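Visitor: after the sequence you'll find the predicted model.
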Amino acid sequence: MAEAETPLLIKRYASRRLYNTETSDYVTLDDIASFIRDGREVQIIDLKTGDDLTRQYLLQIIAEHESRGENMLPVNVLNDLVRSYTTQASSVVPQFLATSFEMLRDGQSKMMENMSTINPMNPMGAMQAQQEAFMKAMTAGMANWPNGGSEPSADPAKNGEEGEELDDIKKQLAELQAKLSKLS
């Protein structure tokens, strides 16, 4: 646990070689990218000056991925980033990006948790079960209403129309359930 909290210290020598202080060997940018993908924080410092070069190397890793055709950043986003360096908006952009990526990470982890509960042999079964539970919850209160499940209206003519609309909705939902059953 303490290892994950402490950034992995990488030292850059005058020869521009990168040295992993934990394993006492030289590493490449791909190695550093791998450490980061594995959830490890990395700090890269210049051995001679002590300057923190982490940002510079992280940007270089991103640039290399983009140049290899692994395009993750749309051109319009890149244009907006360049513009933000020359506008007053640059003060809010870093916080906005940090918050957005945090929300993305949280959403991905929740999605992965939900996916782990799905039977890999029948992924549609879990969705169908969720839909059936939703339908039961939605229709549970309606069963006790008069006039075929529709809430009574002060206007008797509306009661018939609402009942027909509800029957149509129930029919459409039943058709959707049948289609989902065929998919699974």
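Guide: Everything's here; your move.
Visitor: low-confidence ranges in the chain?
Guide: Scanning the chain for pLDDT under 70 picks out 1-4, 88-91, 115-130, 133-163, 181, 183-184.
Visitor: quick one: the strands in it, in order.
Guide: Assigned by DSSP state E, the strands in the chain fall at 8-12, 18-20, 25-27, 42-46.
Visitor: dump those strands to a markdown table, plus distance to residue 165.
Guide: All C-beta atoms are positioned from the backbone trio N, CA, C, and that covers glycine. Below are these laid out as a markdown table (distance: least, C-beta to C-beta, whole Å):
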| stretch | distance to residue 165 |
| --- | --- |
| strand 8-12 | 62 |
| strand 18-20 | 67 |
| strand 25-27 | 66 |
| strand 42-46 | 59 |
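Visitor: make CSV from those strands and add mean neighbour count and distance to residue 84 to it.
Guide: What follows is the strands of the chain, written out as CSV (neighbours: other C-beta atoms under 10 Å; distance: least, C-beta to C-beta, whole Å):
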stretch, mean neighbour count, distance to residue 84
strand 8-12, 18, 28
strand 18-20, 17, 29
strand 25-27, 14, 32
strand 42-46, 17, 24
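Visitor: and of the ones you listed, who's closest to residue 34?
Guide: With C-beta to C-beta, the closest approach to residue 34 among the strands of the chain belongs to strand 25-27: 9.1 Å.
Visitor: partners of that closest one, with directions?
Guide: Strand 25-27 has the following strand partners under DSSP bridges: strand 18-20 (antiparallel).
Visitor: neighbouring contacts of the strand it pairs with?
Guide: Outside strand 18-20, the residues within contact range by C-beta atoms under 8 Å, 6 or more residues apart in numbering are 8, 10-13, 25-29, 31-32, 44, 47, 57.
Visitor: same thing but at 7 Å, please
Guide: Residues outside strand 18-20 that contact it (C-beta atoms under 7 Å, 6 or more residues apart in numbering) are 8, 10, 11, 12, 13, 26, 27, 44.
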